[in-house]
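Asks: sequence isn't available, so here's the structure alone:
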């Protein structure tokens, strides 16, 4: 099979070249199609093998559809059969090809040789890199004690192996983002509502079984208010669908969005209200809101009925909390 | 009536994720320094009244295209009946006239000395598939369809949001095919 450059490709354009050109990841980065080429391309792409997979670059794990050509990934699209992302994908997913084939990606460990920020690095083998890390760790342990080292692990899913390494080394200081992310999200509703985690409809698309037995994707919304506290779901989220659900509910259901975040984010840009308290004072803000609700709640006035008291059936310790809250 | 493509971008739903820009780059192998489709970000105001506005921009496929008029080679860039403005790469000289003529900065000339710009992912449209940016859009803010068909999604959106529809730079009288649904709470301004 002859390797085709772009220039040759154009000269030969027409049906004759179907299946002739070989896809070269590097040179094709700058390849563009002319209208006559698109005919050929359209015929070509239908012959390609399609592989359905999931994107594991982030915990969203959106469904992806990949076109395979000559044992190379040729194109990446979102999977339209997957209700969760419904054919969409974020910029990170779309740039997945670069992660595999980009000529600029780093293929071996690098050790900084210049000053910090000077951008001088040395290419080393994995053996050297491991030796280097080990020698530095041992040095720190000897000079400052093992507890001087903090290990920052990823998600809950890969935490345990880091724990083992750090504990064997002698430091208890292993942190992972679950402490500020997953744990409160899971345990808050557990304490308040008996284990049921609330998932508003703008977070979860549903497949509805129709009368004829088929499944239909349902993207309708009932939410009227959502408060994002310290959360920027349009950029950093494990729920891809929220990018669509939040703005969809705003437009289609007149939902109001409040973002509480010290910094202005993409989510704050789309919000109806952006509150920027000092970092760490959001608990005070919520206490003030709770105080207003408790003081102004009137069960007999429909416009002032803020509390659905049936939540007490599912929660424990509300009375003690209320007593403590009022004394404070 | 014949089919005519139009594009509607719902600015109320654009979350500024840049998915359109990156998926366009990977679909069309756009050079590093240029964009066929991108998102412009404008930051206004001072704390606490900060406003960010996202404006996704791409070739407007104008009905009165200044780039076609500027082209010295007949047929190198042309307007099709279905609304697309296309470039014939075999005839293009890479003279840069169209790049200068375009009021939207939608065109560029790269090392291969051929003008290039958004073609609504023609190769995908021919297979009745959506352009890469429309398919990838996380907020479902982008719609493409036949503006001559009153039952198509774009026609319905334009009819529903009559007071909010705006096109970019109407003063150039280019009659663009990209319609923006404005966010009522904010004013669209030229970024």
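Replies: Great, that's in hand. Source: prediction; values computed, not measured. Numbering: from 1, shown residues only, chains lettered A, B, ... in the order given.

Asks: nearest residue to the middle of chain B?
Replies: Nearest to the mean C-alpha position of chain B, by C-alpha atoms, centre = their mean, lies residue B:58 at 2.9 Å.

Asks: what residues are bridge-paired with the residue nearest to residue A:275 when sequence neighbours are not counted?
Replies: The shortest distance from residue A:275 to any non-neighbouring residue, by C-beta to C-beta, 6 or more residues apart in numbering or on different chains, is to residue A:260 (4.7 Å). In this view, the C-beta of every residue, glycine as well, is placed from N, C-alpha and C. Beta-bridge pairing of residue A:260 under DSSP bridges involves residue A:229, residue A:275.

Asks: up against chain B, what does the stretch 101-250 of chain A have?
Replies: A:234, A:235, A:240, A:243, A:244, A:246, A:247, A:248, A:250 (C-beta under 8 Å from any C-beta of the partner chain).

Asks: state the distance from the residue nearest to the centre of chain B to residue B:140.
Replies: 17 Å (C-beta to C-beta, to the nearest Å).

Asks: buried residues in stretch B:74-93?
Replies: Using 16 or more other C-beta atoms under 10 Å in any protein chain shown as the test for burial, stretch B:74-93 gives B:76, B:77, B:78, B:79, B:83, B:84, B:85, B:86, B:87, B:89, B:92.

Asks: tell me which of those residues fall in strands.
Replies: B:77, B:78, B:79, B:85, B:86, B:87 (DSSP state E).

Asks: wait, doesn't the third one sit right on residue B:85?
Replies: It refers to residue B:79. Yes. Judged on C-beta atoms under 8 Å, residue B:79 makes contact with residue B:85 at a distance of 5.3 Å.

Asks: so what sits against both of these two?
Replies: B:65, B:68 (C-beta atoms under 8 Å, 6 or more residues apart in numbering or on different chains).

Asks: residue contacts, residue B:145?
Replies: Neighbouring residues of residue B:145 by C-beta under 8 Å, 6+ apart: B:5, B:6, B:8, B:152, B:153, B:154, B:155.

Asks: which parts of the stretch 1-150 of chain A are strands?
Replies: Using DSSP state E, counting those that start in this stretch, the strands of the stretch 1-150 of chain A run over A:49-54, A:63-69, A:72-78, A:110-112, A:121-123.

Asks: dump the ones you listed to a markdown table, plus mean neighbour count and mean pLDDT.
Replies: Putting those into a markdown table (neighbours: other C-beta atoms under 10 Å in any protein chain shown; pLDDT from 0 to 100) gives the following:
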| stretch | mean neighbour count | mean pLDDT |
| --- | --- | --- |
| strand A:49-54 | 12 | 92 |
| strand A:63-69 | 18 | 90 |
| strand A:72-78 | 20 | 89 |
| strand A:110-112 | 13 | 93 |
| strand A:121-123 | 12 | 92 |
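
Asks: of all those, which one is nearest residue B:134?
Replies: strand A:72-78 (11.2 Å; C-beta to C-beta).

Asks: which strands and helices sit next to the closest one?
Replies: strand A:63-69, helix A:91-94, helix A:96-101, helix B:19-28, helix B:132-136 (3 or more C-beta pairs under 8 Å, 6 or more residues apart in numbering or on different chains; DSSP states H and E).

Asks: residues of the fourth one that come out buried?
Replies: To tie it back to what came earlier, the one meant is helix B:19-28. For helix B:19-28, the neighbour count (16+ other C-beta under 10 Å) marks B:19, B:20, B:21, B:22, B:23, B:24, B:25, B:26, B:27, B:28 as buried.

Asks: and of these, the nearest to residue B:129?
Replies: Of the buried residues of helix B:19-28, the one sitting nearest to residue B:129 (C-beta to C-beta) turns out to be residue B:27, at 10.9 Å.

Asks: may I ask you to confirm that the closest one is in contact with residue A:75?
Replies: Yes. With contact defined as C-beta under 8 Å, residue B:27 counts as touching residue A:75 (6.8 Å).

Asks: quick one: is the helix or strand of chain B with the lowest mean pLDDT near chain A?
Replies: For chain B, counting by mean pLDDT, DSSP states H and E, helix B:122-125 ranks last in confidence among helices and strands (a mean of 85). Yes. Helix B:122-125 lies within reach of chain A by C-beta under 8 Å from any C-beta, at B:122, B:123.

Asks: how about the helices in chain B?
Replies: Secondary structure of chain B (DSSP state H): helices located at B:19-28, B:66-70, B:97-101, B:122-125, B:132-136, B:153-160.

Asks: so the residue nearest to the centre of chain B makes contact with residue B:36?
Replies: Yes. Under the criterion of C-beta under 8 Å, residue B:58 makes contact with residue B:36 at 6.3 Å.

Asks: point out where the stretch 1-150 of chain A drops to low pLDDT.
Replies: A:1-35, A:38, A:42 (pLDDT under 70).

Asks: scratch that, the stretch 151-300 of chain A
Replies: Applying pLDDT under 70 to the stretch 151-300 of chain A flags residues A:155-157, A:194-196.
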